[in-house]
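Participant: Model the following, please.
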Amino acid sequence: MAPLSCERKQLALTAGKTLFDHADELQIKIPTSCGRCGTCHECIVEVTRGIEALSERSEAEQFLPHHYRLACQARVLDATADIAFTLIKRRRQIVTTGLSRDVELEPSTRRVGDDVYAGGQRIDIYRGGIYGLAIDVGTTTVVLNLVDLETSAVRYTSALENPQRFGGSDVMHRISYDRGPCRGELHRAIVNAVNAEIREMCRRLRFIRRLIYEVVVVGNSTMRDLFFNLDTRSLGEKPYHSLTELAVSNGERSTTSLTAAARALRIRINPNGTVYGAPLIGSHVGADAAADLLAIGVDELGRDDAFMLVDIGANTEVITGTPRRMLAASCPAGPAFEGGHVTNGMPGYEGAIESVACSNGRMHYRVIGNGEPEGICGSGLIDLLSELVRHRRMSPRGTFQGSAREIPIVPEKGITLSRGDVSELAQAKAANYAGQLILLRSLRIPPERIGRVYLAGGFANYINVANAIAIGLVPNLPPERIVKVGNAALEGATILLRSRAKREALERLVRQIEHVELETVPDFFDLFVEGCTFEPMNGVGPG
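Facilitator: You can find the predicted model right below:
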């Protein structure tokens, strides 16, 4: 019998058994809440090899594109085949360092005598604790904090891959998927994942979910709106605005923030609990970027203090300026630095090469988990590009020495970097480069005037700043002025749980920020092409 592979474990195939059955034997936990009958849609897996040896799709699986199956429905037909699959909800590196801003504890949900009040309304009797959940819904990663709203302490943190991956690797593909015949499945996937995390938290902490009274959700505009099951079509068409943003423009709403009953969204917390979606800044610069600003304390900067915030991801957000005037832009960088479209790229899981250095013609690297290398994640790719240019094995324009088509990184594992991979990375980097320069130029702020560049996001937390400067991913400043702030969006969401005053301050702050549509800037393409080279960023050009 041939092997079945999952999560670096192998097992002999048994015809007639489902992938779920095989996972049980491998002691791999796959989420489910429907008793494996295909109705909860929680056990989605990606079949990376041997899909033709599985049973035909059941009716319950029709919402899934090719290579994705429900583990409880996919049966092995050919036990001589070679089948491999991965879980769609895997654990990633959790960012454990970053900002932790002290704010006065004044939550919206609080104890009054023997009762629990939300705002001015009694919603429950006091049951021994009041908790809130802060959630940063990223395109690739979902991170959660469980916050004690009586002490301000973070009791539990978890991170997982966004289970909406079957709808596409970027927001535009997910918008397209959600406007099709399977409308609502992406909302269902993220809610199922959050509920599974709530169950796991309660099991580990040995407390009941009824003690969670409030959820704060941040994310880019698409991720936030999918969480609330809003129609995202308007975000996929010019002028790329959320329905909430359009409603504010039309005078139908006063804010782009959202509030919904937990039971209406099927979030399994206290039945009387609420879910708050933080306000958007504009277009694809969403609630996560707004939360970043709160985490770094922009609301308390001096009026002339210049800063730049760069939240690097598949859709990089850049906000820069001073409290007098701030500009924001969304840079469609794509998933290259998160492992997408790069032959041996992968997210920051165990087995990913996270740092690279060249010495004496050899590649030296560090692997997450200290095991065997399986691919290269974003921080390793930045190091690799910088090192190849520094050692003249690649030109700043991405041409390999001797016109080679690929460079071996770990030859014994078949891990290489190709010219095509470099092209993908150059375009991802160029989008970030152009966005930063355009905003600085519009404000007539030279890079050297920026007091701090804040690098936000889980990916940014692991990059080598000097190497990021060397390839022009971030401004060419003294490294001490470039500050990694970890998952600032999650910290911002946590602040929104702890403080009603900061929630109101954020609502005011986002109204002051001007959004710039990069594609409408006349020389955007010229700057993009300029940014495709792997050289430090120099100057801002004419205004």
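Participant: measure stretch 302-311 end to end?
Facilitator: Length of stretch 302-311, first residue to last, C-alpha to C-alpha, to the nearest Å: 22 Å.
Participant: what does the average pLDDT come to for that stretch?
Facilitator: In this model, stretch 302-311 has an average pLDDT of 90.
Participant: Return the distance of the closest residue to Arg111 other than its chain neighbours relative to Glu56.
Facilitator: Using C-beta to C-beta, 6 or more residues apart in numbering and skipping the chain neighbours, the partner closest in space to Arg111 is Tyr126 (5.4 Å). Quick note: C-beta positions are derived from backbone N, CA and C, even for glycine. Tyr126 sits 54 Å away from Glu56, going by C-beta to C-beta, to the nearest Å.
Participant: do Ala404 as well
Facilitator: Separation of Ala404 from Glu56 (C-beta to C-beta) stands at 44 Å.
Participant: between Tyr126 and Glu56, which one's more packed in?
Facilitator: Tyr126 (15 against 9; other C-beta atoms under 10 Å).
Participant: Run a quick neighbour tally on Tyr462.
Facilitator: When counting by other C-beta under 10 Å, one arrives at 20 neighbours for Tyr462.
Participant: Show the contacting residues for the nearest residue to it once chain neighbours are set aside.
Facilitator: The shortest distance from Tyr462 to any non-neighbouring residue, by C-beta to C-beta, 6+ apart, is to Ser379 (4.1 Å). Ser379 sits next to Gly348, Glu354, Ser355, Phe459, Tyr462, Ile463, Asn464 when contact means C-beta atoms under 8 Å, 6 or more residues apart in numbering.
Participant: Could you do Thr494 as well?
Facilitator: Thr494 sits next to Ala134, Asn145, Val147, Val154, Val216 when contact means C-beta under 8 Å, 6+ apart.
Participant: Pipe those residues into JSON lines and attach pLDDT per row.
Facilitator: Output for those, formatted as JSON lines (pLDDT from 0 to 100):
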{"residue": "Ala134", "pLDDT": "97"}
{"residue": "Asn145", "pLDDT": "95"}
{"residue": "Val147", "pLDDT": "97"}
{"residue": "Val154", "pLDDT": "95"}
{"residue": "Val216", "pLDDT": "98"}
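Participant: Surely Ser418 touches Thr343?
Facilitator: Yes: using C-beta atoms under 8 Å, Ser418 is in contact with Thr343, at 5.7 Å.
Participant: which stretch of helix or strand covers the residue nearest to Tyr462?
Facilitator: Element membership of Ser379, judged by DSSP states H and E, is helix 378-390.
Participant: Okay, buried residues for stretch 265-281 please.
Facilitator: Neighbour counts over stretch 265-281 (16 or more other C-beta atoms under 10 Å) mark 265, 267-270, 272-281 as buried.
Participant: ok, Ile198 - contacts?
Facilitator: By C-beta under 8 Å, 6+ apart, the neighbours of Ile198 are Leu133, Arg209, Ile212, Ile267, Arg268, Ile269.
Participant: on that earlier part again, narrow the buried residues of stretch 265-281 to those in strands?
Facilitator: If you go by DSSP state E, the buried residues of stretch 265-281 have Thr274, Val275, Tyr276, Gly277 in strands.
Participant: how many neighbours does the residue nearest to Ile130 when sequence neighbours are not counted have?
Facilitator: In this structure, Ile130 finds its nearest non-sequential neighbour in Leu149, 4.6 Å apart by C-beta to C-beta, 6+ apart. A total of 24 residues lie near Leu149 under the criterion other C-beta under 10 Å.
Participant: any idea how far Cys34 lies from Gln73?
Facilitator: Distance, Cys34 to Gln73, by C-beta to C-beta: 11 Å.
Participant: Please identify which of those two sits among more neighbours.
Facilitator: Neighbours were counted for Cys34 and for Gln73 using other C-beta under 10 Å; Gln73 has more, 22 against 13.
Participant: can you pull the contacts of that one?
Facilitator: Thr18, Gly38, Ser55, Arg57, Ser58, Ala60, Glu61 are the contacts of Gln73 under C-beta under 8 Å, 6+ apart.
Participant: Neighbour-wise, which one of the residues you listed leads?
Facilitator: Within those, Thr18 tops the neighbour count with 21 neighbours, counted by other C-beta under 10 Å.
Participant: Spatially, what comes nearest to that residue if we skip its sequence neighbours?
Facilitator: Arg75 (5.2 Å).
Participant: Pick out whichever of the contacts of Ser379 sits closest to Leu11.
Facilitator: Nearest to Leu11 among those: Gly348, at 26.5 Å, using C-beta to C-beta.
Participant: Helices - which of the contacts of Gln73 land there?
Facilitator: Secondary structure assignment by DSSP state H places none of those in helices.
Participant: any idea which of those is closest to Leu293?
Facilitator: The closest of those, once distances to Leu293 are taken by C-beta to C-beta, is Glu61, at 41.5 Å.
Participant: Might you report the residue contacts of the closest one?
Facilitator: Gly38, Arg69, Leu70, Gln73, Ala74.
Participant: Let's see the pLDDT reported for it.
Facilitator: With respect to pLDDT, Glu61 scores 94.
Participant: ok so, going back, of the contacts of Thr494, which belong to strands?
Facilitator: Per DSSP E, these map to strands at Ala134, Asn145, Val147, Val154, Val216.
Participant: how about the residues you listed in CSV, adding distance to Leu186?
Facilitator: Shown next, in CSV, are those (distance: C-beta to C-beta, whole Å):
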residue, distance to Leu186
Ala134, 21
Asn145, 23
Val147, 26
Val154, 28
Val216, 20
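Participant: which two in those are spaced the farthest apart?
Facilitator: Checking the ones in strands among the contacts of Thr494 with C-beta to C-beta, the most distant pair is Val154 and Val216, at 13.0 Å.
Participant: neighbour count winner among the two?
Facilitator: Val216 (28 against 16).
Participant: Beta-bridge partners for that one, please?
Facilitator: Val216 has these beta-bridge partners by DSSP bridges: Ala134, Tyr276.
Participant: Would you agree it is in contact with Ala134?
Facilitator: Yes: between Val216 and Ala134 there is a contact under C-beta under 8 Å: 5.1 Å.
Participant: which residues do those two both contact?
Facilitator: What both Val216 and Ala134 touch, as defined by C-beta under 8 Å, 6+ apart, is the set Ala493, Thr494, Leu496, Leu497.
Participant: So which of these are in helices?
Facilitator: Ala493, Thr494, Leu496, Leu497.
Participant: any chance of those residues in JSON lines, plus distance to Pro396 and pLDDT?
Facilitator: Converted to JSON lines, these look like this (distance: C-beta to C-beta, whole Å; pLDDT from 0 to 100):
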{"residue": "Ala493", "distance to Pro396": "39", "pLDDT": "97"}
{"residue": "Thr494", "distance to Pro396": "41", "pLDDT": "97"}
{"residue": "Leu496", "distance to Pro396": "42", "pLDDT": "97"}
{"residue": "Leu497", "distance to Pro396": "45", "pLDDT": "97"}
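Participant: which of those are buried?
Facilitator: Ala493, Thr494, Leu496, Leu497.
Participant: Just send those residues back as a markdown table, with distance to Glu237 too.
Facilitator: A markdown table is the format used below for those (distance: C-beta to C-beta, whole Å):
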| residue | distance to Glu237 |
| --- | --- |
| Ala493 | 28 |
| Thr494 | 34 |
| Leu496 | 30 |
| Leu497 | 34 |
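Participant: Any chance of the contacts of Glu61 in TSV with secondary structure as columns?
Facilitator: As requested, the contacts of Glu61 are exported to TSV (DSSP: H, G, I helix; E, B strand; the rest coil):
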residue	secondary structure
Gly38	coil
Arg69	strand
Leu70	strand
Gln73	coil
Ala74	coil
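Participant: Next, work out how far apart the nearest residue to Val529 once chain neighbours are set aside and Leu518 are.
Facilitator: Closest residue to Val529 apart from its sequence neighbours, by C-beta to C-beta, 6+ apart: Ala430 at 7.3 Å. Using C-beta to C-beta, Ala430 is found at 11 Å from Leu518.
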